[in-house]
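1. coordinates only, no sequence provided:
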């Protein structure tokens, strides 16, 4: 297994280089000049534009810029923002913890509630509870997240007055709960449905019948034999979902005033801050890669037949 | 052995998963739960976003950084929030005999919030810093009228000098300024924050100054957490008359105007100075009248590429007038902007007030909607060049696409032709800007002007003087240049304003640009505060706000 992990880690290197190069080229190809945009509606000052470009190395050919970026990256230097003149590492260090917390809350919520709902409705397939869950999840899938966001805001903040409509302090984990639930809603629906189908199917499998025939207590049949085998598709989904949650928080972050990665990357894109976009996107790519590695390792835990040598 | 392998593997996998989780929570460990909603008594909570540029006087050209500078610094002059007139602040007197050499005397007793005195050197050093090309300050052009600007800020190459030749310190409280041209209204430009004085610490420890700016204004910065808030309290050394009526200001960072507006309605925020476009229609009712809608120093015009042969003839001027008369400004400002724009009838802005040169109706009937007259004028002018015309603008900000479509529809309706006018949307502002500087415009294009200081000169000279910095249309008329020169050499304000208005009239004869509308600044505030006003730059006058 050690070798397997090492191989997978090595495979990340070309993916990492490829994705940074791709995003770098895309940012380069976008129309408009971020340095000229510093001057707003006023006529830009050519002498200063040259000076700023020279200082940030933006006057070099594309391959040279990318080379500088890559070598800088290995020294922990993510580049410098054009407008604010802040190191991109600073910007990332400010936004990432917020998003990681938001994602983590959303993820835990998705797993706990989703698997529980799915398990119960799978065990009682085609009963009233199952029908209700199916309608409920269908609703979550079909309602766009911003509708849900505004709905929750209206309901919990303006009508019930339980909390403030927007996040007052992105560093306060308690305040991130509501946006996390909104963010998790869609994944929750998928996880519930995946678990439900898988549980309902496995319930008729031979090994479950055997386990029941052996006279095992119901708790053990469901908790160990059934659930473990039913979770494989769910884990696959969750693995890719963690990256999607991080990157897909733009809308939710916007509604609830969360100063996280989604908002930062959106702003950076608008302002053509190439190094910021590449830096954040690269980190998200790494999160994806690590998550998918973890998923593959978890397969082995869930299903003993799967082994990595 | 199978069982054993499995448990170790389980443990390892779980350990790996746990490590990720731990790192994530560790990041959260440092924060303490602070009651964000609870307001400190006497402190105004205002809408803010992180400034796009570092906050320093000569490098801040957007409103968020401007808010901070407005609070923490005070220049030689200050604009009265109600009248828009420049009044002495740090200056005791600014005198000149020839409209070109100025002697500036400072009032004694002014100090920065770190306790160091404000001297003539504080100004001269700050201005030299702002003008020097290698310091890469976006507001450098504010110093362009001071003698020696070309040496410290050449168009190309290295600067020949480090300091502006026109600035001389006489003693602690006196310095002289020599301009490179006559400019009678120059002292009145000095209220803009780019001209603010800077303490010694700005030059000795620049990075520390940027993280916590120090100035001589009514407030001082206590703390700034990026992505969260900036807290300001009273500057006990402040020597001006407009002492704060509140205990301090907290600028709270929002992702966008919508979240700010939501918090305003929920009572978590006191002042929002940019209301979301979608809420303008209902803002007055929703906020129970706690809504401000007043002129800002911003105008929108449509310009023509006067560098293009097709638009240079005498007859083309008639076509331009005809197009102007085909635009139903009133309908667009009401339907799209809900009264936050006013149809323009001159080239300046109501912010100037009539005493400062604003003259409604100066444009005459050329700015009045009359489809019949429009048709006639365009016909007399030989019709649209090529039978049709485009209207170009970036569409990534504002509601440019909406108004452009409305304007084109209005023109098409007036001409009775479906596709006489079409819009040409440019995806980004920076692309649009570079197309303009490269003189690639073919038909009409959007030109907006946001004033640097509330002076009629600023609405005319930078846009219509031959080869001026923002003369995007390439308009040139020796007669106009002459009138502007005369206005700058005038000995008193009244005659200067009169001459600028003559220049304006003359410009409108050629009609290189169609005045569209004057933009208003708007703001909403909570019931917790009172006496909220906007200054001519649409920035809330924080010193005057009272907290209940």
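-> Received, thanks. Because the structure is predicted, anything quoted here is derived from the model rather than measured.
2. going forward, measure contacts and count neighbours with C-alpha atoms only.
-> Will do.
3. middle-most residue in chain B, spatially?
-> Among the residues of chain B, the one closest to the centroid is residue B:450, at 5.0 Å (Cα atoms, centre = their mean).
4. now the phi/psi pair for residue 202, please.
-> Assuming you mean chain A. In terms of degrees, to the nearest 10, the main-chain angles of residue A:202 are phi -70, psi -20.
5. gap between it and residue B:356?
-> 83 Å (Cα to Cα, to the nearest Å).
6. more neighbours: these two, which one.
-> Using other Cα atoms under 10 Å in any protein chain shown as the criterion, residue A:202 and residue B:356 rank with residue B:356 on top: 23 against 18.
7. which stretches of the stretch 1-150 of chain A have low pLDDT?
-> Scanning the stretch 1-150 of chain A with the threshold set as pLDDT under 70 gives A:41.
8. taking it, what residue is nearest to chain B?
-> residue A:32 (4.0 Å; Cα to the nearest Cα).
9. what about that residue, how many neighbours?
-> 20.
10. quick one, what contacts it?
-> In this structure, residue A:32 makes contact with A:272, B:428, B:429, B:430, B:431, B:432, B:434, judged by Cα atoms under 8 Å, 6 or more residues apart in numbering or on different chains.
11. not counting sequence-adjacent ones, nearest residue to the first one?
-> I take that to be residue A:272. residue A:34 (5.5 Å; Cα to Cα, 6 or more residues apart in numbering or on different chains).
12. tell me if I'm right that that neighbour and residue B:428 touch.
-> No. With contacts counted by Cα atoms under 8 Å, residue A:34 stays clear of residue B:428, the gap being 10.2 Å.
13. now residue A:246: closest residue in space that isn't a chain neighbour?
-> Closest to residue A:246 by Cα to Cα, 6+ apart is residue A:103, at 5.9 Å.
14. am I right that that neighbour sits in a helix?
-> Yes. Applying DSSP: H, G, I helix; E, B strand; the rest coil, one finds residue A:103 inside a helix.
15. spit out the contact partners of it.
-> Per Cα under 8 Å, 6+ apart, neighbours of residue A:103: A:180, A:242, A:245, A:246.
16. just give me the closest of those residues to residue B:207.
-> residue A:246 (32.6 Å; Cα to Cα).
17. which stretch of helix or strand covers the closest one?
-> helix A:227-247 (DSSP states H and E).
18. quick one: mean pLDDT over that helix.
-> The pLDDT scores in helix A:227-247 average 84.
19. now do the buried residues in it.
-> A:227, A:229-232, A:234-247 (16 or more other Cα atoms under 10 Å in any protein chain shown).
20. does residue B:536 touch residue B:454 like I think?
-> Yes. Look at residue B:536 against residue B:454 with Cα under 8 Å: they come within range, at 7.1 Å.
21. next, count neighbours for residue B:145.
-> Residue B:145 has 18 nearby residues by other Cα under 10 Å.
22. now for chain B, the helix or strand with the poorest mean pLDDT.
-> Lowest by mean pLDDT, DSSP states H and E among the helices and strands of chain B is helix B:2-29, with a mean of 38.
23. sorry, back to before: shouldn't the residue nearest to the centre of chain B be in contact with residue B:295?
-> No. If you go by Cα under 8 Å, residue B:450 and residue B:295 don't touch, sitting 11.9 Å apart.
24. so what sits against both of these two?
-> Joint contacts of residue B:450 and residue B:295 (Cα under 8 Å, 6+ apart) do not exist.
25. ok, for residue 293, nearest residue in space, not its chain neighbours?
-> The chain I'm using is chain A. residue A:8 is the one closest to residue A:293 (Cα to Cα, 6+ apart), at 7.3 Å.
26. look at chain B instead
-> Here the residue nearest residue B:293, using Cα to Cα, 6+ apart, is residue B:522, at 4.5 Å.
27. just to check, the one you found is in contact with residue B:283?
-> No. With contact defined as Cα under 8 Å, residue B:522 does not count as touching residue B:283 (10.0 Å).
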